[in-house]
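Asks: sequence plus the predicted model coming up.
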Amino acid sequence: MIVIFLGPPGAGKGTQAAHIVERYGVRQLSTGDMFRAAIKAGTPLGVKAKEVMDAGKLVSDDIVCGLVKERISAVDCKDGFLLDGFPRTLVQAGMLDEMLAEQGRGVDVVIELKVDEAVLVERLRSRIEQTRARGEALRSDDNEETFAKRLGVYREETAPLIPYYAEQGKLRSIDGMGTVEAVSDAIDAILDPIQA
Ligand code: AMP
């Protein structure tokens with residue numbers, strides 16, 4: 001089962017990805033997590049990615065696709081995986097289709113989490129407050145200014161993937177504004193028949 005998660009930053013993709021990993025036993029591949037790991041490890045890729053991420057911009061298609069290609073070819077991804085945060089541009093989507101075709105595979109379903117942007121900003125503010133209250137460090141791109149830029153990039157670069165996958169007959173859009181459980185139930189209703 002190869003699943004893609006689409007939705008603006010803060011839509012709850014990470015939270016729902018954890019649910020899918022637990023229920024269906026597929027690998028979660030988050031390109032954002034890959035970059036954060038590279039930053040933590042201080043690799044040359046990490047140094048380059050940090051600057052781009054902190055500015056709310058996208059890392060180049062070639063770099064991201066190179067990482068994903070390597071990752072999805074690994075043995076733990078042979079039965080399927082969930083892409084969280086990839087693809088984010090039409091170029092990436094085309095490259096993904098090519099990579100999978102080379103392996104005789106294809107995307108099964110694309111789940112779009114539909115959310116209200118004003119509510120996302122509210123959620124971000126409360127997440128920042130709660131993180132501060134716990135005395136924990138914030139993600140360096142977790143601030144309102146960067147968030148607004150990321151939303152803009154989503155609208156311009158990533159939202160065109162919605163008609164792209166709709167044309168392929170793979171898009172399923174769900175309401176991402178409900179409780180975590182309600183969103184998980186809507187996801188299960190899509191994935192249970194595919195898994196069966
Ligand atoms: P995320 O955790 O998915 O929100 O990603 C955090 C940041 O990593 C993004 O704002 C981008 O700068 C970068 N990034 C993650 N995935 C991609 C991607 N598929 N293409 C380009 N940049 C990405």
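Replies: Yes, it's here. Numbers count the residues shown, from 1 in each chain.

Asks: separation between residue 54 and the ligand?
Replies: Computed as C-beta to the nearest ligand atom, to the nearest Å, the residue 54 to the ligand distance reads 8 Å. All C-beta atoms are positioned from the backbone trio N, CA, C, and that covers glycine.

Asks: again but with residue 164, I slipped
Replies: For residue 164, the distance to the ligand - C-beta to the nearest ligand atom - is 15 Å.

Asks: contacts only, for the residue lying closest to that residue once chain neighbours are set aside.
Replies: Spatially, and ignoring its direct neighbours in sequence, residue 164 is nearest to residue 93 (5.7 Å; C-beta to C-beta, 6 or more residues apart in numbering). Counting by C-beta atoms under 8 Å, 6 or more residues apart in numbering, residue 93 touches 87, 161, 164-165.

Asks: now residue 183
Replies: 12, 16, 113, 174-176.

Asks: let's see 10 Å
Replies: By C-beta atoms under 10 Å, 6 or more residues apart in numbering, the contact list for residue 183 reads 11-12, 15-16, 19, 111, 113, 115, 174-177.

Asks: just name the closest of those residues to residue 4, please.
Replies: Relative to residue 4, the closest of these is residue 111; by C-beta to C-beta it sits at 7.2 Å.

Asks: residue contacts, that closest one?
Replies: Counted by C-beta under 10 Å, 6+ apart, residue 111 has contacts 3-7, 13, 16, 20, 82, 165, 170-174, 176, 183, 186-187, 190-191.
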